[in-house]
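1. build me a model from this:
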Amino acid sequence: MAIFSKSNVPQFSVDVYQNEFLPEGGREVNAIATVTSTGGGTIGSAVSAPHLYTTGQGPDAAVAIMVDCSGSMDYPPTKMRGARDATAAAIDAVRDGVRFAVIGGTHVAKEVYPGNGRLAVADPATREQAKQALRALSAGGGTAIGTWLRLADRLLASADVAPTAVRHGILLTDGRNEHESPEDLRAALDACAGRFTCDARGVGTDWEVKEVTGIASALLGTADIVADPAGLRADFTRMMEEAMGKEVADVSLRLWTPVGVEILFVKQVAPTVEDLTGRRTEAGPRAGDYPTGSWGDESRDYHICVRVPAADLGQEMLAARVSLVVPQPDGSTRTLSQGLVRAVWTDDMAASTSINPQVAHYTGQAELAHVIQQGLDARKSGDLDGATAKLGRAVQLAAASGNADTAKLLSKVVDVVDAAEGTVRLKAKVAEADEMTLETRSTKTVRVKKQS
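-> Here you go, the predicted structure:
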């Protein structure tokens, strides 16, 4: 078991950006908390950093790769071949000492390697055995993703995986989840949430975007489209290398608020938009934990909005304390870092009406993700005027914030007449892959340029 000591865990910091000044009667406080993890080093394929960890093997980790083997994976034939090649590449990227398994998914879940309810320990021999086992993968059957996730959960929870280990899944599907009810999938996601993280990928264009993004959202992973099976190998390698770079599992954002303060929302706003408000678990008097998953060397931004009691001019108060906490083997939690959100009431109009640049930027990025979804839903339902208005607003927001990647994706769905004004025309014909790519990546944000 890897027990993290203060000397071998990556260092976390919390920086709070806000305008703490409120006008007389003002009650809403907004802040951006930038959480940064540094000093652990990114651990990629078969590379370890023994000076960081008491095990000498890098952080304890276990991974499960879930490969769609339903009948639709046979069309075109390159799809199944691409999935096998991609899984083999991901296996090559598993670090020595990491426990791993491969699952074949149809209307049931099958252990492809190593079998018998076990995980293999990665080394040159087991990686080669796993790749040999992939050759037996063939397409046939239906799709019941909840069964795949539940099997992954059972394997990743096996007794030989340390409680502090990073547990991660990679899931590939090419079709809709037609052989179980949405309620069954939701129940599986609820059962797996907080137990492992999972990246989800849709290959081709016959899968349901909201299903794949919903899996990634529930399990605090990433979602993306791989329209051409030829791109799977590079994507799977990158996903596994990033998974191998995760060093601390089950980190939570803990928010403590004084009596009378109401939490309006807590959202991750970079690198993607993810509303965490409904995922709160109580953590003592006036404190709640919001899950953030596993961390390597990286930085993420969170938008916190609270409502404070009314106060007189000249008064100030602590509106919230933001902490990063991680569970310990004895059941306690350890605080990694913290920051403070303040409120100060003033009659200085210039001070109280100024909008913090970080808050303004991420408010726009959250709106951008929202109007893209609204616009695409309107387009699918035949509401062309509504689609034009929403996607025009999206173009305007993307241009104003410098989100060039999203602007490029939008330009494949609409003809941009005036980006600054948000004037667009819907394209008469849109490639299905382009529309699905925009929808899948709509929550990706661009970071604000920090003010000097």
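2. shaky segments in this structure?
-> 1-9, 40-58, 449-452 (pLDDT under 70).
3. most centrally placed residue in this protein?
-> Geometric centre of the chain, nearest residue: residue 221, 3.7 Å, by Cα atoms, centre = their mean.
4. that one against residue 193, yeah?
-> No - if you go by Cβ atoms under 8 Å, residue 221 and residue 193 don't touch, sitting 11.1 Å apart. Just so you know, the C-beta spots here come from the backbone N, C-alpha and C atoms, and that holds for glycine as well.
5. just the C-alphas of whichever strand or helix holds residue 146, formatted as PDB.
-> Assigned by DSSP states H and E, residue 146 belongs to helix 145-156. These are the backbone C-alpha positions of helix 145-156, laid out as PDB (Å, rounded to 0.1, in the frame of the first residue of the first chain):
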ATOM      1  CA  ILE A 145     -22.800  -0.400 -20.900                       C
ATOM      2  CA  GLY A 146     -23.900  -0.500 -17.300                       C
ATOM      3  CA  THR A 147     -22.800  -4.200 -17.200                       C
ATOM      4  CA  TRP A 148     -19.400  -3.200 -18.400                       C
ATOM      5  CA  LEU A 149     -19.000  -0.500 -15.700                       C
ATOM      6  CA  ARG A 150     -20.200  -2.800 -12.900                       C
ATOM      7  CA  LEU A 151     -17.600  -5.400 -13.900                       C
ATOM      8  CA  ALA A 152     -14.900  -2.800 -14.100                       C
ATOM      9  CA  ASP A 153     -15.900  -1.700 -10.600                       C
ATOM     10  CA  ARG A 154     -15.700  -5.200  -9.200                       C
ATOM     11  CA  LEU A 155     -12.300  -5.700 -10.700                       C
ATOM     12  CA  LEU A 156     -10.900  -2.300  -9.600                       C
END
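6. mind checking what helix or strand follows it in sequence?
-> Downstream of helix 145-156 (by DSSP H and E), the next one is strand 166-173.
7. what is the subsequent helix or strand relative to that following strand?
-> Next along from strand 166-173, by DSSP H and E: helix 182-192.
8. quick one, that next one and helix 145-156 angle?
-> 20 degrees (axes from the mean of the first three to the mean of the last three Cα atoms, to 10 degrees).
9. please enumerate the helices of this protein.
-> 77-92, 124-134, 145-156, 182-192, 209-218, 232-244, 349-353, 357-381, 384-401, 404-410, 432-440 (DSSP state H).
10. chain center to the fourth one, what's the gap?
-> The reference is to helix 182-192. 18 Å (Cα atoms, centre = their mean, to the nearest Å).
11. now do the longest one
-> How far helix 357-381 lies from its chain's middle: 17 Å, per Cα atoms, centre = their mean.
12. and it, what does it pack onto?
-> strand 11-18, strand 28-38, strand 262-270, strand 298-307, helix 384-401, helix 404-410, helix 432-440 (3 or more Cβ pairs under 8 Å, 6 or more residues apart in numbering; DSSP states H and E).
13. phi first, then psi, for the residue lying closest to residue 356 once chain neighbours are set aside.
-> Distance criterion Cβ to Cβ, 6 or more residues apart in numbering; nearest residue to residue 356, sequence neighbours excluded, is residue 19 at 4.4 Å. With angles defined as degrees, to the nearest 10, residue 19 sits at phi -100, psi 110.
14. was I right about residue 19 contacting residue 358?
-> No - using Cβ under 8 Å, residue 19 is not in contact with residue 358; the gap is 9.7 Å.
15. between the two, who's got more neighbours?
-> More crowded of residue 19 and residue 358, by other Cβ atoms under 10 Å: residue 358, with 27 against 19.
16. next one: the more buried one relative to residue 396, how far apart?
-> 20 Å (Cβ to Cβ, to the nearest Å).
17. now swap in residue 302 and tell me
-> 25 Å.
18. which one of those two has more residues nearby?
-> residue 302 (24 against 21).
19. residue 60 reaches residue 164, doesn't it?
-> Yes - using Cβ under 8 Å, residue 60 makes contact with residue 164 at a distance of 6.4 Å.
20. ok, these two, which is more surrounded?
-> Between residue 60 and residue 164, counted using other Cβ under 10 Å, the more crowded position is residue 60 (23 against 18).
21. quick check: closest non-adjacent residue to that one.
-> residue 165 (3.8 Å).
22. just read off the phi/psi values of that neighbour.
-> phi -70, psi 150.
23. just checking, it touches residue 61?
-> Yes - Residue 165 is within contact range of residue 61, at 5.7 Å (criterion: Cβ under 8 Å).
24. who's more crowded, those two?
-> More neighbours surround residue 61 than the other of residue 165 and residue 61, with 28 against 21 (other Cβ under 10 Å).
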